[in-house]
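**Student:** Mind folding the following:
(chains A and B)
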Amino acid sequence: GAGVSQSPSNKVTEKGKDVELRCDPISGHTALYWYRQSLGQGLEFLIYFQGNSAPDKSGLPSDRFSAERTGGSVSTLTIQRTQQEDSAVYLCASSAWTRETQYFGPGTRLLVL
Amino acid sequence: EDQVTQSPEALRLQEGESSSLNCSYTVSGLRGLFWYRQDPGKGPEFLFTLYSAGEEKEKERLKATLTKKESFLHITAPKPEDSATYLCAVPGSSNTGKLIFGQGTTLQVKP
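**Tutor:** Purely as a prediction, here's the structure:
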């Protein structure tokens, strides 16, 4: 079956621009997670959705970052006024239920010039 | 504070040379330990979940074990295609299922 998909696979943007990253979870998975992976930092949690609500946003690094999920499916991570330190790989994962095994997408590689 | 530490950071093996990767963790109330494999330019690929001390899981040349404070990923007679970064993760104490990852061990297997 189809796994987690993310788009775009790569994104190059200029400092100060807004970007939107999309995640399509595995069909039927109710939990969705966003992580960020940067050199020297490892994988860091950003936000967790159960259905359309986000009970844990504790990993969002600043108010420039926001995310939403609609229809219990697709999620969008938005970064406003991008900075060079936002350059990283943004990974999305989904699981059937909270605390179940998470399956990851291929990631979006973001480069802010 | 929830923490996961992996060692070594990098490991170079000759094909057929068995070894082990270590993952030590500090978390309040372990609710599973996950191993993933990550190839360059790709997302992490799920390998194993372990839930209780003494549990073991195997997949081809890989075997994962769990104690109360650490997990080992044993690689028996590795092949070049086993070259990848291996990540260990535990759910954080917040009970939302968010994973706390170690920094990973990058394994290179030379023919």
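
**Student:** Taking the centroid of chain A, which residue is nearest it?
**Tutor:** Central residue of chain A (C-alpha atoms, centre = their mean): A:Trp34, 3.6 Å from the mean position.

**Student:** now that residue, nearest residue through space, not along the chain?
**Tutor:** Nearest non-adjacent residue to A:Trp34, counting by C-beta to C-beta, 6 or more residues apart in numbering or on different chains: A:Leu46, 4.2 Å away. To be clear about C-beta, it is placed using only N, CA and C from the backbone, and glycine gets the same treatment.

**Student:** per-residue pLDDT, that neighbour?
**Tutor:** According to the prediction, A:Leu46 has pLDDT 97.

**Student:** Quick one: distance of the host helix or strand of it to the chain centre.
**Tutor:** Using DSSP states H and E, A:Leu46 maps to strand A:42-50. Relative to the chain's own centre, strand A:42-50 is displaced by 7 Å; criterion: C-alpha atoms, centre = their mean, to the nearest Å.

**Student:** packing partners for that strand?
**Tutor:** In terms of contacts (3 or more C-beta pairs under 8 Å, 6 or more residues apart in numbering or on different chains; DSSP states H and E), strand A:42-50 is packed against strand A:31-38, strand A:53-56, strand A:65-69, strand A:75-79, strand B:99-101.

**Student:** Tell me the residues on chain B that lie near chain A, please.
**Tutor:** B:31-32, B:34, B:36, B:42-46, B:49, B:87, B:89, B:91-92, B:94-104 (C-beta under 8 Å from any C-beta of the partner chain).

**Student:** Now the buried members of those.
**Tutor:** Among the residues of chain B next to chain A, those classed as buried by 16 or more other C-beta atoms under 10 Å in any protein chain shown are B:32, B:34, B:36, B:43-44, B:49, B:87, B:89, B:91-92, B:96-104.

**Student:** SS state for B:Glu81?
**Tutor:** Secondary structure, DSSP: H, G, I helix; E, B strand; the rest coil: B:Glu81 is helix.
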